[in-house]
Every structure is written in C-alpha cells, then in structure tokens.
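In: here is my input; please provide its structure:
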Amino acid sequence: MADPKRPETVEEPGAAFQEQMVQLVRSLGLHRPDETPCGQPISIGEAHALLEIAREPGMTQNGLASRLGLEKSTVSRIAGMLERRGWVRRIRDQLDARFVRLHLTRRGITANVNLAASRRAKFERIFGAIPVDRRGGIVEALSLLVEVTREN
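Out: Numbers count the residues shown, from 1 in each chain. Below you'll find the model as predicted:
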C-alpha cells in the first residue's frame, strides 16, 4: 500500500514541495483551529495577537491587523475574544478616538508567558531532533521560504 505522505510519482513541478507543506501544516496542528501547535487551548490567531501585543504594548488594532496580515474585522473579533478572556484591554486613543489601543492585562501577560514557554519547549524539541550539522541549512531554508511566501 502506498504511503499517503509521499506521492509515488511527481507529475508536476513542485508536487513534492506541496505535499511536504501539507504534511508540515498537519504535523504542527495548524489545521486545528482551536489549539496552538504547542498544544495550548487557544486559537492560533489569538496566540499570535498576544505575542504581538506583548512585543508592542499599546499597539492599535489597525497595527495588529497589518502585523498579522489579517482583515481589520478579524482582528477586531480576536481582540474581543481576548478581552472576554480578560487578557486584553481595548482603550480608545486619547488623541484620535478612531484608534483603539491594545494592552495586555495581568492575566494576559501570564497567558502570554505560558504560551511562550510552551512554544519554546515545542520548537526546542523539534530543533533538537535535527542533526546538528543540518540545523543551519534548515534555518536558512525556512528564512528563504518565509521570504518567498511573503512575496507571493
């Protein structure tokens, strides 16, 4: 029986690449909408929003949308979910009421610290399983992949 992870023949350029990308998405659990790759019970969008708000406290929702490459309405929903969890405060900008600024609460800071620890542990295990002499190549290949993905 054929291995579903590996196409028996490559009929078109990039088919093996496409299949490996599908397998990467699945192996990281990115197809599970309510759980991070590190197994935390929070959506990937919420986890990334927490990460960015922690990096830049007081960023606007528009800024977060730009940083995450998401629609403003999607970020508004994510911010609302984080606010309902008690992790984020949304505050109107005092100088320009059109802008909403995002701040982590104490609970949000704790959640972000816990997510960061889980993420670090998961990716340290993965990276640690790569032979030492191939790690640089993996990082270089991923950097190139990110670059061309953003351009395309």
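In: contacts only, for the most centrally placed residue in the chain.
Out: Nearest to the mean C-alpha position of the chain, by Cα atoms, centre = their mean, lies His48 at 4.8 Å. If you count contacts by Cβ atoms under 8 Å, 6 or more residues apart in numbering, His48 has them with Leu68. From N, CA and C alone the C-beta is placed, and that goes for glycine too.
In: can I get the helix or strand bottoming out on mean pLDDT in the chain in PDB? Just the C-alpha atoms.
Out: Lowest mean confidence among the helices and strands of the chain (mean pLDDT, DSSP states H and E): helix 15-27, at a mean of 91. Included here for helix 15-27 are C-alpha records, laid out as PDB according to Å, rounded to 0.1, in the frame of the first residue of the first chain:
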ATOM      1  CA  ALA A  15       4.200  18.500  -6.200                       C
ATOM      2  CA  ALA A  16       6.600  17.000  -3.700                       C
ATOM      3  CA  PHE A  17       7.000  20.500  -2.200                       C
ATOM      4  CA  GLN A  18       3.300  21.000  -1.900                       C
ATOM      5  CA  GLU A  19       2.800  17.600  -0.300                       C
ATOM      6  CA  GLN A  20       5.600  18.400   2.300                       C
ATOM      7  CA  MET A  21       4.000  21.700   3.100                       C
ATOM      8  CA  VAL A  22       0.600  19.900   3.700                       C
ATOM      9  CA  GLN A  23       2.400  17.500   5.900                       C
ATOM     10  CA  LEU A  24       4.200  20.300   7.800                       C
ATOM     11  CA  VAL A  25       0.900  22.100   8.400                       C
ATOM     12  CA  ARG A  26      -0.700  18.900   9.700                       C
ATOM     13  CA  SER A  27       2.300  17.900  11.800                       C
END
